[in-house]
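Asks: Return atomic coordinates for the entry below.
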Amino acid sequence: MGCVFRHQGRSVWWIKYKGPNGWQYESSHSSKKGDATRLLNIREGDRARDIPVTSQIGRLKYEEARDDLPTFHTVNGRDTEKIEARIKKHLTPFFAGAKMTNISVATVNAYVAKRLKDTPTPTNATINRELAWLKQMFRLAVDAGKLMTRPTIRMLEENNTRTGFFERAHFDAMLKHLPTNFGRSSRSPTSRAGAKTKC
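Replies: Presented below is the predicted three-dimensional model:
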């Protein structure tokens, strides 16, 4: 059975609970006893559900989560050179030194806003790939018992509309300016002109 306590002369409450490797001591980072009690209940509840719990949960830094990502891809037979280069160039300068628990939806939105101001401006698809890597860092950390929760990271809308096609009216107008014997064959006018249409 765990307990909550304060060190003499200190305002912050701590919790003590039984972990897989013995007693664990963790700060509640709060001067309110109720906050410490709620944290203790969470830790003991997770322990009862066989979720690995130690005082290190919540202390995971971005760098450790980042390094777990290429390791995961390597053991699954994937090349990581491009991923590591892109992460080093964009994600790491922004998130370096941060605790993963402090990377919130607002933090991710700030990253996206920063990337959209970069020159040259990256496409939404490029930013989405970077967000997907960040999401995977969180998922791997949760799966490994290094984090309890992860933020909801929403992807940007991608415009996949195909361009460069003639509308039917434009194609017919172009044909009027071609010689009457242009590309005569048994093929259709579309294939003779070598153009693509969207009807």
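
Asks: name the element E64 belongs to?
Replies: E64 is part of helix 62-75 when elements are defined by DSSP states H and E.

Asks: List the buried residues in that helix.
Replies: 62, 65-66, 68-70, 72-73 (16 or more other Cβ atoms under 10 Å). For the C-beta atoms, the positions are set from N, CA and C on the backbone; glycine is no exception.

Asks: Show me the domain layout of this structure.
Replies: The record, using automatic domain parsing to delimit domains, assigns the chain the ranges 3-48, 62-143, 166-198.

Asks: Indicate which one of these is closest to T152.
Replies: Of all the domains of the chain, domain 62-143 sits nearest to T152, with 6.2 Å by Cβ to Cβ.

Asks: quick one on the thing from earlier: can you list the helices and strands that the helix holding E64 packs against?
Replies: helix 81-86, helix 92-95, helix 124-143 (3 or more Cβ pairs under 8 Å, 6 or more residues apart in numbering; DSSP states H and E).

Asks: now the first one, how far from the centre of its chain.
Replies: Spelled out, that is helix 81-86. 15 Å (Cα atoms, centre = their mean, to the nearest Å).

Asks: who's in contact with that helix?
Replies: 69-70, 73, 129-130, 133 (Cβ atoms under 8 Å, 6 or more residues apart in numbering).

Asks: what distance separates the helix holding E64 from the centre of its chain?
Replies: Offset of helix 62-75 from its chain centre (Cα atoms, centre = their mean): 13 Å.
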